[in-house]
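Engineer: Show me the folded form of this:
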Amino acid sequence: MIDVKELSLKTKDIRILYVEDEEAVREQTTMILSMLFEHIDTAFDGEDGWNKYKNGEYDAVFTDISMPRMDGLELTRRIKEQNRMQKVIIISAYNTADYLFQAIELGVDGFILKPIEMERMLITIEKLATDINNSKFIQKYHENLEKELEEKTKIIQRQLVINKLTGLQNRYALSQTLENIESEKALYIINIDNFDSINTIHGYENGNKVIRAVSQMLSTKLQKNDQLFYLDGDEFAILSDTTDCKSCERFAKELQLSIETLPIRLDINTINITASIAIAKGKNELLKHAHIALKEAKRKGKNRIQLYHENLTIEKLQEQIQTFSPIIRKAIEADSVVPFYQPIVDNRTHKISKYECLARIITQDGIYSPFHFIDVAQMIGLLPEITKIMIDKSFQKFQKNDYSFSINITEIDLNHNYLDEYFSIKLQEYQIDPKRVVLEVLEGISTIGMTKALEQLKKLQDMGSALAIDDFGAQNSNFGRVQTMNVDFIKIDGSFVKNIDKDEKSYSIVKSITEFSKSIGAEVVAEYVHSEAVQKKVEALGIEFSQGYYFGEPKQDLTVL
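Structural biologist: Here you go, the predicted structure:
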C-alpha cells in the first residue's frame, strides 16, 4: 500500500494540467489530485487544454479521451509533437483495443481507468513522480555540479541504461545500441501475454517475480554475441547476429517453449505463462519494425510468432492513416463528402421502396468509398463529422420525395451522445417524417451493449425512426440482445447472400437468419444481390427486400427501375 503522505513529498513541486470536459468528474478528480499536487491547472476540454499548455509550464498532463472540440488523443498528439518528452497520463473510461492502440502509438506515459481505483492511480502517479523527479535531478545536477561532472555522470549513465529490477540493459541502452550497429541484426521482442492480468490478480510484487524469472531464464538462452534487454512492463528484447529466417523462427520457438514450461511460484500458487514474439531483421528501424510485427501478432491472438514484413496489416493501417488523414480533413473543409444512394427493392411489389445512403469522398484523383477512409476517420476523431454531413445532405435529398431511406450510424456516433438532438434539428429543418428514416447499426452494438449507445438508439426509435441491424451474421451474433432491441429490419451480410445459389452452407445460414428475423417480427434485407439466380433464391426464402448491383449500384442520383 502506497503511503499518500510520503508520495505527496515527491509530488508537491510537480506542476500538472488536468483536462476533463465533464464538470462533476473534473471537480471530483481535482479534489483527489490535490491531495498530492499543490500546483494544478484545469481545462474544460481539449482545445482549452491546448491553449493553456502552450502558455504554461507543466511537468505532466492528465487528460480524458472523449471531449468536444478536441479529444484527448488529438491533444496528446499535439503535445508530443511540441515536446516528445512531456509526460501525458490518460484518465478515461475508454479501454478498447483501438483507443489503447492509438494512445500507445502516441507515446502516453500511463493509463488510469474510470471509475478511478485509488491504489492503481497512486502506483501510476508514483512512477510518474519518480520519472519526473529523476529528470529534474539530472538537469539540476548538470547545472549546479559541473565540477563533479565526470565521476557522477558515470553513475547516472549506469542508472540510465540498467534496469534495477532485472539488472538488464534497458530500452535506452537498446536504442543507443541500435543507432550504432554496422551490420545486419535480428531483433526479437518477447512480450508476456496477459501480463496486466497477472498484476491485477496476483499483485505487482508477484508481477515483478514473473519478470525476474523470465529475465533469468532468457539469460540462459542467449547465443553467441546476443544481447538481452528489459524494455519495462511486459517486454524483453534480444539483439542477435543470426539473421537467417529459419534460424530466427527456430530460436523464437525455443524461447516460447522455454517460457511456456517455466514454472513460476507466486505465494502458494504456481502459474505458467506464454509470450508473443516479434522478429525484425536488418540495420534500420529495427525497433519500430519489431513493434509493428508485435502488434500484428497480438492482433491474431496470443502465444504467436510474427516476422516483420512490409505487407503486415498494421503496417498497411499506418500507411492508410498517413494517406487518408489529410484527404478526410480536406474533404470535410471542401464539402466533398457526399452521399451516394443504392436502391432497396421490395420483393413483394418488385419496386424500389427505399434507399441506403452511403458516404463517398470525391477528389480530383477519384471517388473513395468508406472502405478506404472510415477506419481512419474513426481513429482521428472525425467520424461524427462525416455522419453529420451524411444526415444533413441525405435529409436535403429526400425532402423532395416520399421514399424511405437508411443512414449508417456507428457506435462512436452513439457514444458521443449528439444524435437525438441533431436528428431533431434536421427533421424539423427539412420537414422529414421520422418514420421514413431507418438507422442502420452494425450487429456488434448488440453484442457489446454499451449503455450510452443503447440509450441513444432508444431515443431515436421513440422519435419514430426504424432500426436495422446491418451486416448481420458477420460478427458473433447475439440473438437475445437483438430481440430485446425491437429491431425493425435485419440486413443479412452480403458474404452469405452472394453465394446462396451455389453454396449450401451459405443458403442454410441465410435461411436460419431469415427464420429468426420473422420470429421476432423483423423484416429482412438481403445485401449483395448481384444476379438473377441469387435474387430467385432470395425470393424463394420469403425475404422481403433485396439490395445489390443486380438492381443498381450506389449513385449520386436516385436509381429508377
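Engineer: Please report the distance of the residue nearest the centre of the chain from R304.
Structural biologist: With distances taken as Cα atoms, centre = their mean, D98 lies nearest the centre of the chain, 0.7 Å away. Look at D98 and R304: by Cβ to Cβ, to the nearest Å, they are 20 Å apart. Placement of C-beta: from N, CA and C, glycine included.
Engineer: For the stretch 301-450 of the chain, which segments count as helices?
Structural biologist: 313-333, 370-379, 383-398, 411-415, 419-430, 444-448 (DSSP state H, counting those that start in this stretch).
Engineer: Pull out the buried residues from the second one.
Structural biologist: Spelled out, it's helix 370-379. Within helix 370-379, the residues that count as buried by 16 or more other Cβ atoms under 10 Å are H372, F373, I374, D375, V376, A377, Q378, M379.
Engineer: Give me the nearest residue to the first one, chain neighbours excluded.
Structural biologist: Using Cβ to Cβ, 6 or more residues apart in numbering and skipping the chain neighbours, the partner closest in space to H372 is F324 (6.2 Å).
Engineer: got a list of what the one you found touches?
Structural biologist: Y368, H372, F373, V376 (Cβ atoms under 8 Å, 6 or more residues apart in numbering).
Engineer: re earlier: what is the nearest of the buried residues of helix 370-379 to L218?
Structural biologist: M379 (34.5 Å; Cβ to Cβ).
Engineer: measure that closest one to K185 for me?
Structural biologist: Separation of M379 from K185 (Cβ to Cβ): 32 Å.
Engineer: Repeat that for R120.
Structural biologist: The gap separating R120 from K185 is 37 Å, by Cβ to Cβ.
Engineer: Please say which of those two ends up with more neighbours.
Structural biologist: Set R120 next to K185 and count neighbours by other Cβ atoms under 10 Å: K185 wins out with 20 against 15.
Engineer: Can you verify my assumption that that one contacts A237?
Structural biologist: No. Counting by Cβ atoms under 8 Å, A237 is not a contact partner of K185; they are 11.1 Å apart.
Engineer: which residues of the protein score low on pLDDT?
Structural biologist: 94-97, 145-147, 149-150, 152-158, 311-318, 443-452, 474-481, 483-484, 560-561 (pLDDT under 70).
Engineer: Packing partners of the strand ranked longest in it?
Structural biologist: For the chain, the strand that runs over the most residues, judged by DSSP state E, is strand 351-363. Judged by 3 or more Cβ pairs under 8 Å, 6 or more residues apart in numbering; DSSP states H and E, strand 351-363 is in contact with helix 313-333, strand 337-346, strand 366-368, helix 370-379, helix 383-398, strand 404-408.
Engineer: for the ones you listed, which one sits closest to L558?
Structural biologist: That would be strand 337-346 among the helices and strands packed on strand 351-363, by Cβ to Cβ, at 5.5 Å.
Engineer: centre of the chain versus the closest one, how much separation?
Structural biologist: For strand 337-346, the gap between its own C-alpha mean and the chain's C-alpha mean amounts to 29 Å (Cα atoms, centre = their mean, to the nearest Å).
Engineer: Let me see the residues that make contact with that strand.
Structural biologist: Contacts to strand 337-346, defined as Cβ under 8 Å, 6+ apart, come from residues 331, 351-362, 386, 389-390, 393-394, 397, 405-406, 525, 544-547, 551-559, 561.
Engineer: Now restrict these to buried residues only.
Structural biologist: Buried among the contacts of strand 337-346 by 16+ other Cβ under 10 Å: 331, 352, 354-361, 386, 389-390, 393-394, 397, 405-406, 525, 544-547, 551-552, 554, 558.
Engineer: now the longest strand of the chain against helix 313-333, angle please.
Structural biologist: In terms of direction (axes from the mean of the first three to the mean of the last three Cα atoms, to 10 degrees), strand 351-363 departs from helix 313-333 by 90 degrees.
Engineer: CA atoms only: put strand 351-363 into PDB for me.
Structural biologist: Extracted in PDB, the C-alpha atoms of strand 351-363 (Å, rounded to 0.1, in the frame of the first residue of the first chain):
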ATOM      1  CA  LYS A 351     -40.400  -1.800 -56.900                       C
ATOM      2  CA  ILE A 352     -37.900   0.400 -55.100                       C
ATOM      3  CA  SER A 353     -39.200   1.200 -51.700                       C
ATOM      4  CA  LYS A 354     -36.200   2.900 -50.100                       C
ATOM      5  CA  TYR A 355     -32.500   3.700 -50.500                       C
ATOM      6  CA  GLU A 356     -29.400   3.300 -48.400                       C
ATOM      7  CA  CYS A 357     -27.300   6.500 -48.100                       C
ATOM      8  CA  LEU A 358     -23.600   5.600 -48.500                       C
ATOM      9  CA  ALA A 359     -20.700   8.100 -47.800                       C
ATOM     10  CA  ARG A 360     -18.200   8.900 -50.500                       C
ATOM     11  CA  ILE A 361     -15.300  11.300 -50.800                       C
ATOM     12  CA  ILE A 362     -14.900  12.900 -54.200                       C
ATOM     13  CA  THR A 363     -11.500  14.300 -55.100                       C
END
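Engineer: Name every strand pairing with it and say which way it goes.
Structural biologist: Using DSSP bridges, the strands paired with strand 351-363 are strand 337-346 (antiparallel), strand 366-368 (antiparallel), strand 404-408 (parallel).
Engineer: Next, the angle helix 383-398 makes with that strand.
Structural biologist: Going by the same axes, to 10 degrees, strand 351-363 makes 130 degrees with helix 383-398.
Engineer: what about L75, distance to L33?
Structural biologist: For L75, the distance to L33 - Cβ to Cβ - is 18 Å.
Engineer: before we move on, what about N269?
Structural biologist: Distance check for N269 against L33: by Cβ to Cβ, it reads 36 Å.
Engineer: again with K458
Structural biologist: 36 Å.
Engineer: Who has more neighbours out of those two?
Structural biologist: Set K458 next to L33 and count neighbours by other Cβ under 10 Å: L33 wins out with 18 against 13.
Engineer: Okay, and the beta partners of the closest residue to that one other than its chain neighbours?
Structural biologist: Of all residues not flanking L33 in the chain, I40 sits nearest, at 5.8 Å (Cβ to Cβ, 6+ apart). Beta bridges link I40 to I16 when assigned by DSSP bridges.
Engineer: give me every residue that touches Y355.
Structural biologist: Counting by Cβ under 8 Å, 6+ apart, Y355 touches Y341, Q342, P343, I344, F398, Y403, S404, F405, S406, L558, T559.
Engineer: of the residues you listed, closest to F472?
Structural biologist: Nearest to F472, judged by Cβ to Cβ, of the contacts of Y355 is S406 at 14.0 Å.
Engineer: That's all I had, so thanks and see you.
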